[in-house]
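# would you be able to build a 3D model of this:
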Amino acid sequence: MADRVKVKSAVFLILEKEGKYLFSQRKNTGYRDGFYSLPSGHVDVGEMPTEAMVREAKEEIGIECKEEDLVCAHALFERDNYADYYFTLGSYEGEPENKEPEKCGEIRWATLEELEGRIVEKVLQALRAFEEGILFSQIEKTD
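As a prediction, the model looks like this:
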């Protein structure tokens with residue numbers, strides 16, 4: 001009998017404004033430091049993805065949101081058994097700001113073209129799929 005997959009999960013927040021996405025620059029994480037991602041984080045044991053996204057939004061960029069305002073816009077499965085959930089957000093309170101400067105070099109609104117070659121590969125794939133209305137994609141391990 002084959003071993004069963006033990007999946008790790010992460011959540012990502014897609015915020016859009018005036019044709020741009022809110023990106024965070026990775027710093028001191030040991031994974032793709034210097035590259036841009038979206039506000040994100042791991043789903044903790046016993047936590048639902050929407051709960052994790054509400055928590056991470058507050059911890060990373062200081063905004064308050066509710067689970068019921070989150071919409072799952074894309075799911076991405078990575079060969080190393082990561083299941084990533086990408087959410088959009090109808091409404092929130094506060095203005096995004098960098099609340100974790102020890103792990104984030106900056107947050108900025110940018111288009112995919114403005115950050116070409118500097119976006120974490122799986123995040124870029126998910127955003128392109130999101131723009132095309134594709135709800136699910138897969139990717140080989142990127143690192």
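# how far away from the center of its chain is the host helix or strand of residue 55?
Secondary structure from DSSP states H and E places residue 55 in helix 49-61. Helix 49-61 sits 10 Å away from the centroid of its parent chain (CA atoms, centre = their mean, to the nearest Å).
# could you do stretch 135-143 as well?
13 Å.
# in that stretch, what counts as buried?
If you call a residue buried by 16 or more other CB atoms under 10 Å, then stretch 135-143 has these buried ones: 137, 139. To be clear about C-beta, it is placed using only N, CA and C from the backbone, and glycine gets the same treatment.
# please report how far the closest residue in space to residue 77 that isn't next to it in sequence lies from residue 80.
Spatially, and ignoring its direct neighbours in sequence, residue 77 is nearest to residue 138 (5.0 Å; CB to CB, 6 or more residues apart in numbering). Using CB to CB, to the nearest Å, residue 138 is found at 12 Å from residue 80.
# whichever strand or helix holds residue 72: what's the following helix or strand?
Element membership of residue 72 [criterion: DSSP H and E] is strand 70-78. The C-terminal neighbour of strand 70-78 among helices and strands, as given by DSSP H and E, is strand 82-89.
# can you list the strands that that following strand pairs with?
When pairing is defined by DSSP bridges, strand 82-89 lines up against strand 8-14 (parallel), strand 70-78 (antiparallel).
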